[in-house]
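Asks: task: produce atomic coordinates for the following.
(2 chains)
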Amino acid sequence: MASLANTAGAGATRTRPNGRRRNGMILPRVISGVIILFVVSIIVFFTTQALPGDLPRLILGVDATPDQVDALRVQLGLDRPPLVQYAEWITGVLRGDWGTSLVNGRPVADVVGFRVLNSFALIIIAMLIAIPLSFVLGVLAAARRDRATDHALFGVSVVVNALPDFVLGTLLVALFGTTVFRIFPPVALIPVGDLPWWHPASLVLPVMTIVLMATTYLYRLVRASMLDVLDSDYVQTATLKGLSRTRILFRHALPNAVVPAVQASSLVFAVSLGGLVVIEYLFGYPGLGTLLADSIATHDLPVLQAVILIIAATFFICNLIADVISARFGTRTRNR
Amino acid sequence: MTATPPPRRALGLVLAVTSVVALGLGLTACAPPDKGASPSASAPVDGGTLRVAAPGSAKDKIDPNINSGSVIDLLRTEQIYDNLTKYDSDSKLTYQLAESMESNAAGDVWTIHLRPGVTFHDGSSFGAEDVIATIKRVIAPDSAANGKSLLGFITADGLTQIDDLTVEVHLDQPYGPFPEIWTNKYLRIGSSDIDAGGQPNGTGPFVYKAFTPGTSSTFTKYADYWGEKAHVDTLDILDFADNSAALNALKGGQVDITYSVPLTEAKAVDDLPGISILDSETGMYLPIVMRTDVAPYNDPRVREAFKLIVDRQEMVDVALNGYGAVANDYVGRYSSCGDPDLPQREQDIDKAKELLAEAGQANLQVEIAVTNGTAGMVEAAQVFAEQAKKAGVTVEVNNMDASVYLDNYLNWPLTVDFYTDTYLQLATRTLTPGASSNVTHWNNPEFLSLLNTAFETPDADARCAIENQMKAVEYKDSGNIVWGWANVVNAYADNVHGLTPDTTGKAVNRLNLVWLG
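Replies: I've put the predicted structure just below:
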C-alpha cells in the first residue's frame, strides 16, 4: 500500500513541470504544422499540374469536339497560369472557401464533408476496439512469454501482417459476407445523409479488417515494451518483495509500457486513415479514401487538395497527441 | 500460473476457427450449384425497391444532353428522360416521344409528329416547344453537349413549330436516316425550362428524387408514364468504383442487379446460387485501329497484312473469354439491311508476310496504345501482339491510364477502341474526316461519296444497297480491324424478373420492365 501511495504521489508532483513544458512545446509545433500543411498544398498543386491527362477532355469524353474541350478549359479557368490558379485557390481557402469540384460543380465542403465523417467514424470505431485489444493481448503475450499462447498469437499476427490489406479484406468478405457464411453485408453501403453507425452491420467487415491489421502490429509493440519493463530491476525487486503477479503486471509494468504503445497507436491511427483507399474500395465505403482515388483519377484539384490536407492534418495532430502523452508519462521511463 | 487455461482456450479457438474456415471453403468448393427456379413467365408483380449497381465516379452527371456518356450517366438519364425514337432489344427502330416522322420527296424537310397526352414529372404537358428547346440547347454555339456534332446538319433557323405536337425541320441538305439519329444517348428530351434550374424533369418512367455524384441516386415510379409503367416503386442506382465490390454486393443481397461483370468471371458468377448472368449479344466491337495517314499504316498493304495476321476466333476465345462472335472488318452488326456478301477474312500469315515484304516493312516493330476502357480491350492488344509475332511483326503493348490515353486520343498510330451504335451513325462518327472519333483518320473518297448518297436517300431499301457497298469499301481499305462482336454481361439476383438479352447492350437500362418477386 505504501509503495502504491508513493508512486501515485510522485506521479502527481511530476505533472506540474511537465505541464509547463507541454504548453511551451505545443505552440511552436502548431506553427510548424501549419507551415508543413502549406508546403503540402504547394506540392500537391504542382504535382497535379504535372499529372498526364487533360481535365476538360476527361470530363467531356471522346465524343466532344476540340472546340468544346477548349471552351470548358476556359470556363473552368484552367487556361490561366498555374501560379494564378494556386493563388486564387489558397486565398479562397484562407477565407474559408474551399471552392467547387471541377468535375461536378458542387461545393468542395459538400463533397468532402460527409465522407470525412464516414472515414473518421470507421477509423475511430476500429481504434476503439484495436487499441484496448492490443493492450490485452500484449500483456497476455508478455505474461505468457514463450508459452503456447504467445506463440499462437505471434503466428497469427505474422500471417495477418504478411497479408496485404485487400487480401485480408477479401478473405473476410468471402468468409463472412458471400461464400462461406452470409452473416454480414459484404459491402458497406452507407446512404448519403445517414450516419455510419446507423448501419452497424455494414461496418463489421471493414472495422474487422482494420482491427486485425492494427492489432496484430500493435500488440507486438505492447508485448515488447512489457517485456522490457518486466526484465527491469524494479520489477525483479517487486517480485522478490512478494507482490502478486497481477499487481506487478497491471500496477507497475503496464503504465511504463504505455508510452511506446501510445506513440505507435497514434501512428497506426494516422496510417490507417492514409491507407483507407484500399479498404474503402474493397467495401464500397463512401469515405475519404475512395474520394482521394476518384479525385486523382479525375484530376479534381480542389477536392484532392482538401482530402490530402485533411489526411496531412490528421497525421500532424496524431503525432502531436502522441508527443503530449509521451511527455506526460515519459518522465517515469526516464526516472527508471 | 492460475491464468494458464484461458490462453489454451484461445489457442483452441484459433485452431477451431481455422478449421471451420477450411471446412467451409472446402464444402463450398465441392457443393453442386443450387440454382433457384428459372425466371417464371408469370404475371409481373408491382412494388418494392430495385437496387442497381453500376460503375461510377464523381464525374457523374444527370443532364439529358450534357454528360460524359458513361454507363451510369446513361443508365440514370434513360430512367428520367425519353428520346424521340429508340431501338428496341432487337435493334429495331421504335417511336417514343415522336409518333411518326416523315420527309418530303427530296429528304430535306422532315416533319416530326409528337405523341399526344405525354406529361413531364412536374405535371406540365410535353410538346413541340420542348423538342425545339432541346435541339437548340444541343446545337447552340457555346454548347457543351456531346450530341452537338451529331446534329451538324440542323440549324436553329430551320426549326419551326407547326402546332403543339408538330415540328418541322428544314435542312440545308437531305438527311435520310433522320429518325435514327434521335435514338442517340445524348439526345434525350428535357423540358423547355431545363436551364432555369430546378431538379431534373423528364417524361421517363422514373421520377428523380436524389442524386450524389459518385455515390448514389434514388428515383420513384412515375404513375402517369405514357409507356409501360414501372413495376417497382423505388429505384436506387448505386455507384461502385470497383467491379468486385459490386459483385460482392450482389452476392450479399445488397443490390439486385450489377452492371459490370468481368468476362473472365462471368461463368463463375453464373454458377453462384441465387445469381444469374444476363448474356447479351451486342453490336459492340473493340477494333484494333490503325492510323491510315501515318507510316506504316498509310500503306494499304500493311493494313491488309495486319488484318490477315489476326486469328479472330482466338481473339474472341481469349480476349472476350468466349463471350462474343467473330466479325469481318466492317462495323454495324445489327442492320435492317442484312449482311453484305463478303468472304469471312481468315488468318493468313504467309500472305501477311508477303504483303509486308512488298511494302518494305518486313520485321516491323510497332507499339499499340491501350487502356482498360472496357472488358477485353487490353487482352485484345495482348493477343494481337502474340499473333503478330508469327508474321515477324513485333508489337509492344503500351497499357496506360485512361487519362493519358484520352489525352492523345486521336493521335495513337495503333490502338484499341470500342464502340456500339448503328451503321450510319458509326460511319459518321468514326469513318469521316474530322469526326470526333475518327481514330483511323480514314479519308476514302469512294466511301464518303456513298455515305453522302445514303444521307440523300430517304428510302430505307435503297439505302440498304448503298450501306452494303460502304461495308465492302471498309472491308477492303479501312484502318479498323473489326475482329469480333463483344457480348455485354450483367448479373442479377433470382428475384429479379423482366430482364431480357438486348442487342443494343443496354439490357439493364430498361428498368421500367423489371419486377421483383
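
Asks: would it be right to say that B:Met315 lies in a strand?
Replies: No. B:Met315 is assigned helix when assessed by DSSP: H, G, I helix; E, B strand; the rest coil, not a strand.

Asks: list the contacts of it.
Replies: When contacts are counted by Cβ atoms under 8 Å, 6 or more residues apart in numbering or on different chains, B:Met315 touches B:380, B:383-384, B:483-484. To be clear about C-beta, it is placed using only N, CA and C from the backbone, and glycine gets the same treatment.

Asks: what two of the residues you listed are the furthest from one another?
Replies: Largest separation among these by Cβ to Cβ: B:Phe384 and B:Gly484, giving 11.5 Å.

Asks: re the thing from before, now, the contacts of B:Met315 that are in helices?
Replies: B:380, B:383-384 (DSSP state H).

Asks: A:Gly155: which of those is nearest?
Replies: Distance to A:Gly155 across those (Cβ to Cβ) is lowest for B:Val383, with 43.8 Å.

Asks: coming back round to it: let's have the contacts of B:Met315 in CSV, adding distance to B:Gly434, pLDDT and neighbour count.
Replies: Converted to CSV, those look like this (distance: Cβ to Cβ, whole Å; pLDDT from 0 to 100; neighbours: other Cβ atoms under 10 Å in any protein chain shown):
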residue, distance to B:Gly434, pLDDT, neighbour count
B:Ala380, 27, 95, 27
B:Val383, 32, 96, 22
B:Phe384, 28, 96, 26
B:Trp483, 26, 96, 28
B:Gly484, 28, 96, 26
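
Asks: what's the closest of the ones in helices among the contacts of B:Met315 to chain A?
Replies: The nearest member of the ones in helices among the contacts of B:Met315 to chain A, counting by Cβ to the nearest Cβ, is B:Ala380 at 17.7 Å.

Asks: which residue packs closest to the closest one, ignoring adjacent ones?
Replies: B:Ala319 (4.2 Å; Cβ to Cβ, 6 or more residues apart in numbering or on different chains).

Asks: shaky segments in the stretch 151-300 of chain B?
Replies: Counting by pLDDT under 70, the stretch 151-300 of chain B shows no low-confidence range.

Asks: show me which residues of it are close to chain A?
Replies: B:186, B:210, B:212-216, B:238, B:240-242, B:244-246, B:248-249, B:251-254 (Cβ under 8 Å from any Cβ of the partner chain).

Asks: try it again with 7 Å
Replies: B:212-216, B:238, B:240-242, B:245, B:248-249, B:251-252, B:254 (Cβ under 7 Å from any Cβ of the partner chain).

Asks: by neighbours, which of these wins?
Replies: Of all these, the most densely surrounded is B:Asn248 (28 neighbours; neighbours counted as other Cβ atoms under 10 Å in any protein chain shown).

Asks: and that residue, how far from B:Asp270?
Replies: 16 Å (Cβ to Cβ, to the nearest Å).

Asks: try A:Leu309
Replies: 46 Å.

Asks: around B:Pro445, how many other residues sit close by?
Replies: When neighbours are counted by other Cβ under 10 Å, B:Pro445 comes out with 8.

Asks: swap in A:His151?
Replies: Neighbour tally, A:His151, other Cβ under 10 Å: 14.

Asks: tell me the contacts of it?
Replies: Going by Cβ atoms under 7 Å, 6 or more residues apart in numbering or on different chains, A:His151 touches no other residue.

Asks: in which helix or strand would I find it?
Replies: helix A:148-162 (DSSP states H and E).

Asks: got the CA positions of that helix in CSV?
Replies: The C-alpha trace of helix A:148-162 is given here as CSV (Å, rounded to 0.1, in the frame of the first residue of the first chain):
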residue,chain,number,x,y,z
ALA,A,148,1.7,-21.7,-26.4
THR,A,149,-0.5,-18.6,-26.2
ASP,A,150,2.5,-16.3,-27.0
HIS,A,151,3.5,-18.5,-29.9
ALA,A,152,0.0,-18.8,-31.3
LEU,A,153,-0.6,-15.1,-31.1
PHE,A,154,2.7,-14.4,-32.8
GLY,A,155,2.0,-16.9,-35.5
VAL,A,156,-1.4,-15.4,-36.3
SER,A,157,0.0,-11.9,-36.2
VAL,A,158,2.8,-12.7,-38.6
VAL,A,159,0.3,-14.3,-41.0
VAL,A,160,-2.2,-11.4,-40.8
ASN,A,161,0.5,-8.8,-41.1
ALA,A,162,2.1,-10.5,-44.1
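
Asks: so for it, what gets flagged as buried?
Replies: Residues of helix A:148-162 classed as buried: A:149-150, A:152-154, A:156-157, A:160 (neighbour count, 16 or more other Cβ atoms under 10 Å in any protein chain shown).

Asks: what pLDDT does the model give residue 144?
Replies: You didn't say which chain, so I picked chain A. A:Arg144 is assigned a pLDDT of 87 by the prediction.

Asks: should've been chain B
Replies: 82.

Asks: and it, what does it touch?
Replies: Neighbours of B:Ala144 in contact, by Cβ under 7 Å, 6+ apart: A:60, A:68, A:71-72, B:66.

Asks: of those - the most surrounded one?
Replies: The most crowded member of the contacts of B:Ala144, judged by other Cβ under 10 Å, is A:Leu60 (24 neighbours).

Asks: tell me the contacts of that residue?
Replies: A:68-69, A:72, B:68, B:144, B:146.

Asks: let's go with 6 Å and repeat that
Replies: Neighbouring residues of A:Leu60 by Cβ atoms under 6 Å, 6 or more residues apart in numbering or on different chains: A:Val69.

Asks: for B:Ala210, same thing?
Replies: So B:Ala210 contacts B:Thr218 (Cβ under 6 Å, 6+ apart).

Asks: in the stretch 401-517 of chain B, what residue lies closest to chain A?
Replies: For the stretch 401-517 of chain B, Cβ to the nearest Cβ, closest residue to chain A: B:Ser403, 2.6 Å.
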